[in-house]
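Novice: 3D, please:
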Amino acid sequence: RARMLEGAVKAGTAVGYRNAGTVECLVDPVRQSFVFLEMNTRLQVEHPVTEAVFSIDLV
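Specialist: Reported below is the predicted structural model:
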């Protein structure tokens, strides 16, 4: 998770993005690696799940 967060922040910083957004990745738990899929400049419709799991108000 820490590596994904670091990669997401680097991606946003590289393009000068400063707002709420979503970075999507595919995770390979066997290799303990991930690949970048896309960055969306909006919250996904599933954001309430993230809010519930992490007790964070994203909106």
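
Novice: counting by contacts, list what the longest helix belonging to the chain packs against.
Specialist: Ranked by residue count under DSSP state H, the longest helix found in the chain is helix 2-14. Judged by 3 or more CB pairs under 8 Å, 6 or more residues apart in numbering; DSSP states H and E, helix 2-14 is in contact with strand 22-28, strand 33-40. From N, CA and C alone the C-beta is placed, and that goes for glycine too.

Novice: pull out the buried residues from the first one.
Specialist: Right, the one you point to is strand 22-28. 22-23 (16 or more other CB atoms under 10 Å).

Novice: what is the mean pLDDT for it?
Specialist: On average, the pLDDT along strand 22-28 is 93.

Novice: quick check: angle from it to helix 2-14?
Specialist: If you take axes from the mean of the first three to the mean of the last three CA atoms, to 10 degrees, strand 22-28 sits at 140 degrees to helix 2-14.

Novice: got it, and the last one?
Specialist: Here the directions of strand 33-40 and helix 2-14 differ by 40 degrees (the same axes, to 10 degrees).

Novice: doesn't Asp57 lie inside a helix?
Specialist: No - Asp57 sits outside any helix when classified using DSSP: H, G, I helix; E, B strand; the rest coil, being coil.
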